[in-house]
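Asker: Next input, structure requested:
(4 chains)
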There are 2 protein chains.
Amino acid sequence: MSASSLTTGTNHHAGAAFPGLMVRDPDPTGSAACGPVADPLATLPAHAMAVNIEKEQTIYAEGSPAEFCYRIVCGCVRMVKLMEDGRRQVLEFLLPGDLLGFDALGTYDLSAEAVSPVVLHRYRRSVVEHLADGDPAIARRLRVLSAAGLRSAWERMMLLGRKTAVERIASFLLEMTARMPSGGRGGVLLPMGRLDIADHLGLTMETVCRVLSSLRQEGTIGMDRSVNGPQVTIRDPAGLQALACAARH
Amino acid sequence: MSASSLTTGTNHHAGAAFPGLMVRDPDPTGSAACGPVADPLATLPAHAMAVNIEKEQTIYAEGSPAEFCYRIVCGCVRMVKLMEDGRRQVLEFLLPGDLLGFDALGTYDLSAEAVSPVVLHRYRRSVVEHLADGDPAIARRLRVLSAAGLRSAWERMMLLGRKTAVERIASFLLEMTARMPSGGRGGVLLPMGRLDIADHLGLTMETVCRVLSSLRQEGTIGMDRSVNGPQVTIRDPAGLQALACAARH
DNA sequence: CGCAGGGTTGATAGCCTTCAAGGTCTGTGG
DNA sequence: CCACAGACCTTGAAGGCTATCAACCCTGCG
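Answerer: The predicted model follows:
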């Protein structure tokens, strides 16, 4: 939204286009925005190297040295944390335009895995750090990105700590429709499976299924089987919105 | 003058003048640390203004314009998010040495409230931003702080999404003992009430009580009533550690 | 056609919440 | 000194929400 030049082409892989760093970005300049300003990170792509990742493959693993950071060109990535026990938490899903690894600190603290086939631009972290040292605007931009990450983490902590299953699913669907390219109107094509959604929302696969089914029966959403996976359609956005926040009995 | 002047007031681990935005800070210099390096933020206190806050008073409210940021000199602060519904999530507790508001973006996204009487150093955010623009080391330091905040947020999301009540309490006690000044050995004096703990861990007050009671009966912890509140003593750290991670069935 | 993987639905159990009552300590005033 | 109110904490009993276990469906594929 903020960088309109980006969203013009649906599949912005056209070499010249340099999309902004994050899909939703409250304030690209960090403060006192006055009209459309060039993204300080626009020079970054000059240092990029394209990388293709197959579905279900690991981009980087928790604990490994953080040498690179990435920008997603297309596809969907999940950020994962595991317990020895096997329990899993998907901390977030990343979509085209999102950045990953920019906030690493020596080693990665999360694993990054491809939910679908993914195309990335890869940058050397040392290069990015060097650029930031030389340009306060870039440094500021990186701080803004981290701050945005913190905000979304806090929002999700509220979801995990205090919301019911129905509220979590409703919130998730609304968030995804807002972030997905085709999210303008009804349909969302969720690239991730039920288990990924469950591990993202602190639920089980079965509960996710049950809630989705009941939402469909109530007419709040629709579910079809598209060619490349299950498609969810929002039939009653207002209803979903109501469920997402205030749905305690 | 120097950073040490800040920490003198509180018995805080020496050297770590600025333990992460929220918690501990793995690598103060950002990367390639070679021995003890002066904290880039050491010059900050020159711009500080001391502020006293009474117990249960609000330092700043969610949604209000973010004009200031703070460093805690002594006392305990809780960062809170509310739903219209009244449900509450305590996203984190901040202790002496911790920073708050440095990651704000126009407006505060969380409320900051004093759990106990609190003394703060207050900085104007515009000043901090200006300093960061002029000194890459400071800018880098701020990025490291945000990254540390993200890590602790991810850790807590795992806790909220996937851990049982016993595991949450055990994790919480261990984290607090590690962070509290007197945490070297057995006892921790928890400054916050049961309800705050519950809202931090995504539980109810009653569940917190029950789990603490059962831990006491098992001899894992001890509970005494000190002059300024309930005191928890860790009698079996290894046992707690075991409960914190693997306690399913 | 059989198989494998993901998704859906059902029955039961368990963890935690909810509702409720009792307990302990502190401070205040008679 | 004692009574009493109030805040906070603790414990008990019942119920609900979600997990667990299990079966079944559906699609794609060899």
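Asker: Residues contacting the strand or helix carrying A:Met79, please?
Answerer: Assigned by DSSP states H and E, A:Met79 belongs to strand A:77-82. The contact list for strand A:77-82 (Cβ atoms under 8 Å, 6 or more residues apart in numbering or on different chains) reads A:59, A:62, A:88-94, A:98, A:100, A:109-115, A:118, A:192, A:196, A:199-200, B:154-155, B:157-158. For glycine as for every other residue, the C-beta is placed from the backbone atoms N, C-alpha and C.
Asker: ok, now how distant is the residue nearest to the spatial centre of chain A from A:Thr177?
Answerer: With distances taken as Cα atoms, centre = their mean, A:Leu94 lies nearest the centre of chain A, 2.7 Å away. With distances taken as Cβ to Cβ, to the nearest Å, A:Leu94 is found 16 Å from A:Thr177.
Asker: do A:Met157 as well
Answerer: Noted for A:Met157: a distance of 22 Å to A:Thr177, by Cβ to Cβ.
Asker: and those two? which has more neighbours close in?
Answerer: In this view A:Met157 and A:Thr177 are compared by other Cβ atoms under 10 Å in any protein chain shown, and A:Met157 has more residues nearby, 24 against 21.
Asker: So that one is in contact with B:Glu155, correct?
Answerer: No: counting by Cβ atoms under 8 Å, A:Met157 sits too far from B:Glu155 to count as a contact (10.8 Å).
Asker: Tell me the helix or strand right after the helix or strand of chain A with the lowest mean pLDDT.
Answerer: Each helix and strand of chain A was given a mean pLDDT (mean pLDDT, DSSP states H and E); the minimum falls on helix A:4-7 at a mean of 37. Past helix A:4-7, further along toward the C-terminus, the next helix or strand under DSSP H and E is strand A:49-53.
Asker: how about the strands in chain A?
Answerer: Taking DSSP state E as the criterion, chain A carries its strands at A:49-53, A:58-60, A:68-74, A:77-82, A:88-94, A:99-100, A:111-114, A:118-124, A:187-189, A:221-226, A:229-234.
Asker: Any chance of a markdown table for those strands, columns mean pLDDT and distance to DNA strand C?
Answerer: Listed next are those as a markdown table, based on pLDDT from 0 to 100; distance: least, Cβ to the nearest atom of the strand, whole Å:
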| stretch | mean pLDDT | distance to DNA strand C |
| --- | --- | --- |
| strand A:49-53 | 94 | 17 |
| strand A:58-60 | 97 | 16 |
| strand A:68-74 | 95 | 20 |
| strand A:77-82 | 97 | 13 |
| strand A:88-94 | 98 | 13 |
| strand A:99-100 | 96 | 23 |
| strand A:111-114 | 97 | 13 |
| strand A:118-124 | 96 | 17 |
| strand A:187-189 | 77 | 12 |
| strand A:221-226 | 85 | 6 |
| strand A:229-234 | 82 | 6 |
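Asker: Let me have those in CSV, adding distance to DNA strand D as columns.
Answerer: Formatted as CSV, those follow (distance: least, Cβ to the nearest atom of the strand, whole Å):
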stretch, distance to DNA strand D
strand A:49-53, 20
strand A:58-60, 23
strand A:68-74, 21
strand A:77-82, 15
strand A:88-94, 11
strand A:99-100, 27
strand A:111-114, 19
strand A:118-124, 20
strand A:187-189, 15
strand A:221-226, 6
strand A:229-234, 10
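Asker: Same list, those strands, but as CSV with distance to B:Glu84 please.
Answerer: Listed next are the strands of chain A as CSV, based on distance: least, Cβ to Cβ, whole Å:
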stretch, distance to B:Glu84
strand A:49-53, 41
strand A:58-60, 38
strand A:68-74, 34
strand A:77-82, 29
strand A:88-94, 25
strand A:99-100, 32
strand A:111-114, 35
strand A:118-124, 38
strand A:187-189, 26
strand A:221-226, 23
strand A:229-234, 22
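Asker: In contact with the residue nearest to the centre of chain A, which residues are there?
Answerer: Contacts for A:Leu94 (Cβ under 8 Å, 6+ apart) come out as A:Ile72, A:Cys76, A:Val77, A:Arg78, A:Met79, A:Leu100, A:Ala112.
Asker: tell me which of those is nearest to chain B?
Answerer: Among the contacts of A:Leu94, A:Met79 lies closest to chain B (Cβ to the nearest Cβ), at 8.2 Å.
Asker: returning to that earlier point: run through the bridge partners of the residue nearest to the centre of chain A.
Answerer: Bridge pairing for A:Leu94 (DSSP bridges) gives the partners A:Val77.
Asker: what about it, distance to chain B?
Answerer: 14 Å (Cβ to the nearest Cβ, to the nearest Å).
Asker: swap in A:Arg88?
Answerer: In this structure, A:Arg88 and chain B are 7 Å apart, going by Cβ to the nearest Cβ.
Asker: That residue and A:Asp196 touch, don't they?
Answerer: No: at 9.2 Å, A:Arg88 does not count as touching A:Asp196 under the criterion of Cβ under 8 Å.
Asker: Stretch A:117-132: which residues count as buried?
Answerer: Buried residues in stretch A:117-132, defined by neighbour count with 16 or more other Cβ atoms under 10 Å in any protein chain shown: A:Val118, A:Val119, A:Leu120, A:His121, A:Arg122, A:Tyr123, A:Arg125, A:Val128, A:Glu129, A:Leu131, A:Ala132.
Asker: residues in contact with the last one?
Answerer: By Cβ under 8 Å, 6+ apart, the residues touching A:Ala132 are A:Ile138, A:Ala139, A:Leu142, B:Pro136, B:Ala139, B:Arg140, B:Arg143.
Asker: The second one: what's it in contact with?
Answerer: In other words, A:Ala139. Contacts of A:Ala139 by Cβ under 8 Å, 6+ apart are A:Ala132, A:Asp133, B:Ala132, B:Asp133, B:Pro136, B:Ala139, B:Arg140, B:Arg143.
Asker: Any idea how many residues pack against the fourth one?
Answerer: Counted with other Cβ under 10 Å, residues neighbouring B:Asp133 total 16.
Asker: And the pLDDT for the closest residue to it other than its chain neighbours?
Answerer: Nearest residue to B:Asp133, sequence neighbours excluded (Cβ to Cβ, 6 or more residues apart in numbering or on different chains): A:Pro136, at 3.9 Å. A:Pro136 carries a pLDDT value of 94.
Asker: do A:Phe102 as well
Answerer: We have a pLDDT of 95 for A:Phe102.
Asker: before we move on, what about the one 3 residues further on?
Answerer: Here the pLDDT value assigned to A:Leu105 is 88.
Asker: Equivalent analysis for A:Val23, please.
Answerer: Note on A:Val23: pLDDT of 39.
Asker: what does chain A put close to DNA strand C?
Answerer: A:Gly193, A:Arg194, A:Leu195, A:Met205, A:Glu206, A:Cys209, A:Arg210, A:Leu212, A:Ser213, A:Met223, A:Gly229, A:Pro230 (Cβ under 7 Å from any atom of the strand).
Asker: Give me the buried entries from those.
Answerer: Among these, those classed as buried by 16+ other Cβ under 10 Å are A:Arg194, A:Leu212.
Asker: Of all the strands of chain A, which one comes closest to B:Glu67?
Answerer: strand A:99-100 (28.5 Å; Cβ to Cβ).
Asker: Which elements pack onto the closest one?
Answerer: Packed against strand A:99-100 by the contact rule (3 or more Cβ pairs under 8 Å, 6 or more residues apart in numbering or on different chains; DSSP states H and E) you find strand A:68-74.
Asker: between the strand it packs on and strand A:49-53, how big is the angle?
Answerer: Interaxial angle, strand A:68-74 versus strand A:49-53 (axes from the mean of the first three to the mean of the last three Cα atoms, to 10 degrees): 70 degrees.
Asker: neighbouring contacts of strand A:68-74?
Answerer: With Cβ under 8 Å, 6+ apart as the test, strand A:68-74 has contacts from A:11-13, A:21, A:44, A:48, A:50-51, A:59-60, A:94-102, A:104, A:112, A:118-125, A:128.
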